[in-house]
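> I'll drop the sequence and a predicted model, then ask my questions.
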There are 2 protein chains.
Amino acid sequence: MPTAGSNRRTGEVSIKDVAHRAGVSIGTVSNALNRPDRVSADTRSRVRAVIDELGYVRSESARQLRSGDSRMVALLVLDIGNPFFVALSRGAERAAREHELGVMMCHSAQDPDAESLYLSMFAEQRVRGVLVTPADTTGSNLLAFRRHGIPYVFVDRVVDSDDACSVSVDDVAGGELAMRHLVEAGHERVAYISGPSHLAQCTDRLVGARRAVAATGLPPEALTVLETTRLDVASGRDAGARLLGLRPRPTAVFCANDLLALGLLQAMFDAGVRVPEDLALVGYDDIEFAEAAAVPLTSVRQPAERMGATAAELLLRETEGGREHEHESVIYPPELIVRRSTLPRRE
Amino acid sequence: MPTAGSNRRTGEVSIKDVAHRAGVSIGTVSNALNRPDRVSADTRSRVRAVIDELGYVRSESARQLRSGDSRMVALLVLDIGNPFFVALSRGAERAAREHELGVMMCHSAQDPDAESLYLSMFAEQRVRGVLVTPADTTGSNLLAFRRHGIPYVFVDRVVDSDDACSVSVDDVAGGELAMRHLVEAGHERVAYISGPSHLAQCTDRLVGARRAVAATGLPPEALTVLETTRLDVASGRDAGARLLGLRPRPTAVFCANDLLALGLLQAMFDAGVRVPEDLALVGYDDIEFAEAAAVPLTSVRQPAERMGATAAELLLRETEGGREHEHESVIYPPELIVRRSTLPRRE
DNA sequence: TCGCTTGAATGAAACGTTTCATTTCAATCG
DNA sequence: CGATTGAAATGAAACGTTTCATTCAAGCGA
């Protein structure tokens, strides 16, 4: 039972209780905890013992208030339901742990308002920094966040390097890679299933897709674009239904991510449309489940885990670099993984 | 530029700066923020204006230190790579948001040590409460955590209700459901692919499986148990390889979760073993990707999102209930979703 | 006009740490 | 033996809030 100096309201044990019980000053307890070398071995062990006995746990908020620095990094992603971001978070976490920092992961659900809400929360928490996949192309949320002086790194988004560091994959190149694979296989009516057009990923991949179509000499009308409201499996199913209504129906489809592609695949299966015979299909991200899909999915791979780790490292370098930090943009190349969903058509 | 009272070290704007600039006292600024009704409309708007002008953001750590209560709930799951837990977190988040609380999600990677580390972190942060899928059956981590007086709720784990609240699905029943489905279809050599045996989920489902085998009059040896070190796709592939080495080879397999089943499915595909013709396969959790798998997966469904929401609600009820709170155990029934991976065998 | 009430604002204490200048005390040196 | 050093411990200030008892001023009824 804590007695002297214990918090009457919560009944919690404070550093004061430990000091009193161990017969030393508060400062000594703090030192025993944070700079053990400044304290004699004797007192150190006595303090340790009392801490165990009383079940003392230091208050992180008091620590942070006084010392001014937080041990947390925030990771704000578009969608926690997308395994791509989960892989990314693993990388970030690993890198952060090496610097003894924790990662708190939140997801904006692709909603700019939710993003803004989370950013204010991060500011209130005075997090060490933020890794963010922005939910709006305007970037106004981040612009507003900037004044707080908390460093942030863009993830999965190419960005002007005056602004901040960034880690990304060249989405235009990725889109081109995917679509070229289709048109070079001889498809003349193709479709791109895009997520919300306010996401840069979606529009960039479209640019690449258009480029590939043009490069083959096909007219722009050869490419149909269907936009969905979300980047998930359910939206993929919806898009599939819409695709089935198109006349003439495209013979090949490129989806802005694997979740859409998996949903679309289900819709095709239900409608009796065979993949790849009747419809070739390419996804994006190469998540773990693309390979295990009903028809293993051709997909554009991004080094998700590495991206997360790199982002965290850039962030930490920035927090340590101080004034003379120079923003840096790391861009990884995308890679096409060909699987059964785009096997050569039988003529 | 903040002038009077601004923190010289960090250059941040504090409530003192706002007060000074607005020509009111600190307490008034605080009231304008937290109890707007106690402040005249006039001062209120003036304070608001100054806050915007100066870009003031209240310090969460100071707030928490003084007021003593945190606005955070922690969610500690076994594996963030498992879509089941992602769905669960969505439910928890939704419920927490209704009480204006944030959820911080961490994953123990099924490692009791990591679990213990995270728990201490939560204690230091003085989180409002913890939702936890325990990583060790002994429960010693949680027992140690108990002394901090922070309430916690077990998720996906049946537990003695003297201890804490819990939300779960009856895993023994689930295991029985899955295995009965197989043996009643006439399979006489079956296997159970278990995750680590220190996870209660894995052992409970085994108990159910054994019960189903016994109920059909088959000898216990009819059931082969393979244990894996992790509950993920890669481990499923490994288990698949081991399964292929068994003589005689089982004709039906029940996996402790869908990730294992998906991995095993890949291994079977690579080896030319047909599912369901040569091998029937049942998973657990019914994650979104089970339906989209190469062979759509029969699986035992758990109401993940609802479980998360219920857990959060139980937790909040406990924090509000105070002394007279009575622990509660909510147990949902599992549900078998039959798909192609266990279609009746052609005789 | 005087006391009373009420609404608004104030000032200071407290929350639990870290940090730093200061004190204490024993050991070492010339 | 007095002066000097160094290690160890101390005490108090500060961090940015919230909260609460207090003050202040204006409005009101008698």
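Arrived safely. Since we're looking at a predicted model, the values are computed, not measured. Numbers count the residues shown, from 1 in each chain, chains lettered A, B, ... in the order given.
> make it CA atoms for all contacts and neighbour counts henceforth
Fine.
> other SSEs contacting the helix or strand harbouring residue A:121?
Secondary structure assigned from DSSP states H and E places residue A:121 in helix A:112-125. The criterion is 3 or more Cα pairs under 8 Å, 6 or more residues apart in numbering or on different chains; DSSP states H and E, and the helices and strands that helix A:112-125 contacts are strand A:72-77, helix A:140-146, helix B:60-67.
> low pLDDT regions in the stretch 51-200 of chain A?
Residues of the stretch 51-200 of chain A meeting the criterion pLDDT under 70: A:161.
> ranges for the helices of it?
Assignment of helices within the stretch 51-200 of chain A using DSSP state H, counting those that start in this stretch yields the ranges A:60-67, A:83-98, A:112-125, A:140-146, A:171-184, A:200-215.
> Pull out the buried positions in the third one.
This means helix A:112-125. Taking 16 or more other Cα atoms under 10 Å in any protein chain shown as the basis for neighbour counts, the residues of helix A:112-125 that come out buried are A:112, A:115, A:116, A:118, A:119, A:120, A:121, A:122, A:123, A:124, A:125.
> nearest residue to the third one other than its sequence neighbours?
Yep, that's residue A:116 we're talking about. Residue nearest to residue A:116 in three dimensions, not counting chain neighbours: residue A:141, with 5.8 Å by Cα to Cα, 6 or more residues apart in numbering or on different chains.
> Equivalent analysis for the first one, please.
Taking Cα to Cα, 6+ apart as the measure, residue A:112 lies nearest to residue A:135, with 5.3 Å between them; neighbours along the chain are not counted.
> What count of nearby residues applies to the one you found?
For residue A:135, the number of neighbouring residues by other Cα atoms under 10 Å in any protein chain shown comes to 27.
> correct me, but it touches residue A:108?
Yes: with contact defined as Cα atoms under 8 Å, residue A:135 counts as touching residue A:108 (7.1 Å).
> Report the set of residues contacting both of those two.
Residues touching both residue A:135 and residue A:108 by Cα atoms under 8 Å, 6 or more residues apart in numbering or on different chains: A:78, A:115.
> could you check whether stretch A:125-142 is close to DNA strand D?
No: applying Cα under 7 Å from any atom of the strand, one finds stretch A:125-142 separated from DNA strand D by no less than 10.4 Å.
> Going by neighbour count, which residues in that stretch are buried?
Along stretch A:125-142, these residues count as buried under the neighbour rule (16+ other Cα under 10 Å): A:125-136, A:141-142.
> just stretch A:229-247 next, same as before
A:230, A:231, A:232, A:233, A:234, A:235, A:236, A:237, A:239, A:240, A:243.
> what's across from the residue lying closest to residue A:159 once chain neighbours are set aside in the sheet?
The shortest distance from residue A:159 to any residue that is not its chain neighbour, by Cα to Cα, 6+ apart, is 6.4 Å, and that residue is residue A:166. For residue A:166, the beta-bridge assignment (DSSP bridges) gives partners residue A:154, residue A:329.
> Next to chain B in this structure, residues from the stretch 151-300 of chain A, please.
Within the stretch 151-300 of chain A, the positions adjacent to chain B are A:262, A:263, A:265, A:266, A:289, A:292, A:293, A:294, A:295, A:296 by Cα under 8 Å from any Cα of the partner chain.
> ok, 10 Å please
A:233-234, A:259, A:262-266, A:269, A:288-296 (Cα under 10 Å from any Cα of the partner chain).
> ranges for the strands of the stretch 151-300 of chain A?
Counting by DSSP state E, counting those that start in this stretch, the segments of the stretch 151-300 of chain A that form strands are A:152-155, A:165-169, A:190-194, A:223-227, A:252-255, A:280-285, A:298-301.
> What strands flank the fifth one, and is each parallel or antiparallel?
Strand A:252-255 has its sheet partners listed here by DSSP bridges as strand A:190-194 (parallel), strand A:280-285 (parallel).
> so which of these is the most packed in?
For those, the stretch with the most neighbours on average is strand A:280-285, a mean of 28; neighbours defined as mean count of other Cα atoms under 10 Å in any protein chain shown.
> In contact with residue A:88: list those residues for me.
Neighbour list for residue A:88: A:75, A:77, A:155-156, A:302-311 [criterion: Cα atoms under 10 Å, 6 or more residues apart in numbering or on different chains].
> so residue A:167 makes contact with residue A:332?
Yes: the criterion here is Cα atoms under 10 Å, and residue A:167 meets it with residue A:332 at 7.8 Å.
> and for these two, which residues touch both?
Residues touching both residue A:167 and residue A:332 comprise A:156, A:306, A:307, with contact defined as Cα under 10 Å, 6+ apart.
> and of these, the nearest to DNA strand D?
Distance from DNA strand D was checked for each of the shared contacts of residue A:167 and residue A:332 by Cα to the nearest atom of the strand. The minimum falls on residue A:156, at 32.7 Å.
> now that closest one, nearest residue through space, not along the chain?
If the residues on either side of it in the chain are set aside, residue A:156 comes closest to residue A:168, at 4.2 Å by Cα to Cα, 6+ apart.
> Run a quick neighbour tally on the one you found.
Counted with other Cα under 10 Å, residues neighbouring residue A:168 total 25.
> what's the spacing between it and residue A:199?
According to Cα to Cα, to the nearest Å, residue A:168 and residue A:199 sit 14 Å apart.
> list residues touching both of these two?
Residues touching both residue A:168 and residue A:199 (Cα under 10 Å, 6+ apart) are A:133, A:157.
> Show me what counts as buried in the longest helix along chain A.
Of all the segments assigned as helix in chain A under DSSP state H, the longest by residue count is helix A:304-321. If you call a residue buried by 16+ other Cα under 10 Å, then helix A:304-321 has these buried ones: A:304-316, A:318-319.
> returning to that earlier point: mind putting the strands paired with strand A:252-255 into TSV with distance to DNA strand D?
Compiled in TSV, the strands paired with strand A:252-255 are given as follows (distance: least, Cα to the nearest atom of the strand, whole Å):
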stretch	distance to DNA strand D
strand A:190-194	43
strand A:280-285	41
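> coming back round to it: possible to save the contacts of residue A:88 as CSV with distance to residue B:149?
Output for the contacts of residue A:88, formatted as CSV (distance: Cα to Cα, whole Å):
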residue, distance to residue B:149
A:75, 29
A:77, 33
A:155, 39
A:156, 41
A:302, 44
A:303, 42
A:304, 39
A:305, 37
A:306, 39
A:307, 39
A:308, 35
A:309, 36
A:310, 39
A:311, 37
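> Now flag whichever of the residues you listed is closest to DNA strand D.
residue A:75 (23.3 Å).
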